[in-house]
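Q: Model the following, please.
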Amino acid sequence: MASTEGRMSEIETKLALFSGGTGGLDSWLTGAHRNIILGRLSGLSEAGLSCSLLNQLLALAHEPAVSEGFFRYYWLSQTSHTYDVTRLTDYHQTYSTIDRVVSIDQLAWGLNRFYIDALLYFGTLKRAFLELKNKSFDELQTFYHSRRLDTDRMVHRGVVLPLEPIAHDDRYLIAEMACKSFEPQEDDKGGLLSALQGAWIEHEQKGGGPVKAKTLLDGAFIRSNFGDRQMSLLYAADEILEETVDSKESLIDTYNTVATTFGRARRAALANTTLYLSTANDLDVYVATSMRNRQQFRDIAKTCEFIFSHEAVKPLNLRYFDPTLSAAKGHEDKGLIECLMVKCAKVLVYTAGSSDSYGKDAEAAMALSQGKPVIFLCDEDQRRRFFREIHPLSRLIDFRTGVAVGAMAARSADEAAILLSRIFENTMRYRVEQPKKGYFRLVETLTESTIRVQTNDEFLRDTFWNCYHGPV
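A: Presented below is the predicted three-dimensional model:
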């Protein structure tokens, strides 16, 4: 008797993660007949657990029965999924060769699969159980297969037309700040050349002589006439700030050097945008970033090249939007282009710099609200913890389904590349946690980021789902 009680206690401990008491498969081990159910489970190695017997145990817990297909799918098969079911704790290859559950490990493995699926696609365990319990094996296969990414197609779809190259050092010139300085609109006071010429005249009036371009752009003439645009002028002139000019002619020659580079970079960036638009319907990854200076353009360019040439993703032939290679004819067009790219991309990579911006925050929010995987790339532990645990964009709602969606906070470009490979190869790795009774988290194991949650606040949980898909 003591050994049976001890075995029941071991089983209860083993299955504690799956005993939150929030409905469906989460409640069958917590009711009044709990001891009868645990006692029967203690004999799995002798008699096993068939679908019929599982349904009897569910009935004792006042829970509805499951179909033979449901039972087979979760406990007796290892079909292709959006994550690798064979890497879950307690997996063994023999499970697909038998017709019943013969161990607590096998039972836990199938429950783990169901809990991951429930949190990934349904928001709560109870909703998932009610939705899936009557489905056939083929229906379940079809349901999850439709959520897989077609890796083989990606690998074999061929290459796109090549983008126009732009040197890393020149990419800052495609920014809108540079465009306004080199191609001022009719309602502007003038561009960089007008500012430099005006500053040179002021310099000559004060005695003249050789002077650096940076000094000219920091003079009284600029502050008086271009004060609201001084930062943009300095940004656009970054290449020539340390250049010394000693005449109006040398000033114009110096300006023309960077203006020529600007023209070449802008033409290439506009052409690249056309190419990006031509492949928008097949875009894999959108890179969201905000670049405020030349070095940030260099850094993002290098980051993109590192990630998408990484050995983990290179065979996948990923198509991605690199913001350091694209420009638009105006900021309104730029907004439309980027919204389309976010909508079409399958995954968004958010590069977290020293400061955030409305633009890339909005892009990340759009992606999360569409249920897309979002990777926050943070190279500092403190920033990573902030995005993983505090930032308001860490968890949002998939507007189509109501399922809570969390971002993954990667600590390096290498980690981001590995995540991308797992996403596109359907080999993601997850862990279910229950830090409080009935409160469930789905954790992505590489970054330890929470990507799904189910609250244990029953009133909030019921109100949310009653209202979310109800009349508004």
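Q: Every contact and neighbour count from this point should use C-alpha atoms.
A: OK.
Q: low pLDDT regions in this protein?
A: Filtered on pLDDT under 70, the chain yields the residue ranges 1-2, 186-189, 353-356, 380-394, 470-472.
Q: All the strands of it, residue numbers only.
A: 211-212, 244-245, 285-288, 320-321, 347-351, 374-377, 395-397, 404-406, 408-410, 430-436, 439-444, 449-454 (DSSP state E).
Q: Of the ones you listed, flag the one that's most buried.
A: For those, average neighbour numbers computed from mean count of other CA atoms under 10 Å are highest in strand 408-410, which has a mean of 30.
Q: any idea which helix is longest in this protein?
A: When the chain is scanned for its longest helix (criterion: DSSP state H), the result is helix 248-278.
Q: Going by neighbour count, list what's buried in that one.
A: Of all the residues in helix 248-278, those buried under the rule 16 or more other CA atoms under 10 Å are 251, 254-255, 258-259, 262-263, 265-266, 268-273, 275-276.
Q: Kindly report the same for stretch 11-22.
A: Residues of stretch 11-22 classed as buried: 11, 12, 15, 16, 17, 18, 19, 20, 21, 22 (neighbour count, 16+ other CA under 10 Å).
Q: Could you do stretch 292-309 as well?
A: Neighbour counts over stretch 292-309 (16+ other CA under 10 Å) mark 293, 294, 296, 297, 298, 300, 301, 303, 304, 307, 308 as buried.
Q: same check, this time on stretch 138-148
A: By neighbour count, with 16+ other CA under 10 Å as the criterion, the buried positions of stretch 138-148 are 140, 141, 148.
Q: roughly how far is that stretch from the heart of the chain?
A: For stretch 138-148, the gap between its own C-alpha mean and the chain's C-alpha mean amounts to 23 Å (CA atoms, centre = their mean, to the nearest Å).
Q: ok, back up a step: with distance to residue 123 added, can I get the strands of the chain in CSV?
A: Conversion of those to CSV gives the following (distance: least, CA to CA, whole Å):
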stretch, distance to residue 123
strand 211-212, 61
strand 244-245, 63
strand 285-288, 25
strand 320-321, 30
strand 347-351, 20
strand 374-377, 18
strand 395-397, 10
strand 404-406, 7
strand 408-410, 18
strand 430-436, 13
strand 439-444, 10
strand 449-454, 6
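Q: Residue 6 is nearest to which of those?
A: For the strands of the chain, distance to residue 6 was read as CA to CA. The smallest value, 23.7 Å, belongs to strand 430-436.
Q: which other helices and strands contact the closest one?
A: helix 104-121, strand 439-444 (3 or more CA pairs under 8 Å, 6 or more residues apart in numbering; DSSP states H and E).
Q: go with 6 Å
A: Under the contact criterion of 3 or more CA pairs under 6 Å, 6 or more residues apart in numbering; DSSP states H and E, the helices and strands touching strand 430-436 comprise strand 439-444.
Q: which strands and helices sit next to the strand it packs on?
A: Strand 439-444 makes packing contacts with strand 430-436, strand 449-454 when contacts are defined by 3+ CA pairs under 6 Å, 6+ apart.
Q: For residue 406, which non-adjacent residue is spatially closest?
A: For residue 406, ignoring the flanking residues on the chain, the nearest one in space by CA to CA, 6 or more residues apart in numbering is residue 451 at 3.8 Å.
Q: so the one you found makes contact with residue 409?
A: No - taking CA atoms under 6 Å as the definition, residue 451 is not a contact partner of residue 409, at 10.1 Å.
Q: thought residue 136 was touching residue 72?
A: No - proximity of residue 136 to residue 72 does not meet the contact threshold set by CA under 6 Å, at 9.1 Å.
Q: Closest to residue 456 out of the buried residues of stretch 138-148?
A: Closest approach between the buried residues of stretch 138-148 and residue 456, by CA to CA: residue 140, at 27.3 Å.
Q: What residues does that closest one make contact with?
A: Taking CA atoms under 6 Å, 6 or more residues apart in numbering as the criterion, residue 140 is in contact with no other residue.
Q: can we see that at 10 Å?
A: With contact taken as CA atoms under 10 Å, 6 or more residues apart in numbering, residue 140 is in contact with 69, 70, 73, 74, 132, 133, 134.
Q: between these, which is closest to residue 326?
A: Among the contacts of residue 140, residue 132 lies closest to residue 326 (CA to CA), at 44.6 Å.
Q: Cross the buried residues of stretch 11-22 against helices and list the overlap.
A: Checking those against DSSP H, those in helices are 11, 12.
Q: I'd like the buried residues of stretch 11-22 written out as TSV, with distance to residue 397 added.
A: Formatted as TSV, the entries for the buried residues of stretch 11-22 read as follows, by distance: CA to CA, whole Å:
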residue	distance to residue 397
11	35
12	34
15	29
16	28
17	25
18	24
19	26
20	23
21	24
22	21
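Q: rewinding a little: determine which of the helices and strands packed on strand 439-444 approaches residue 335 most closely.
A: Closest approach to residue 335 among the helices and strands packed on strand 439-444 is made by strand 449-454 (27.7 Å; CA to CA).
Q: tell me the contacts of residue 55?
A: Remark: with contacts taken as CA under 10 Å, 6+ apart, residue 55 is in contact with 49, 61, 63, 64, 65, 66, 67, 68, 71.
Q: can you rerun that using 8 Å?
A: Applying CA atoms under 8 Å, 6 or more residues apart in numbering, we find residue 55 in contact with 64, 65, 66.
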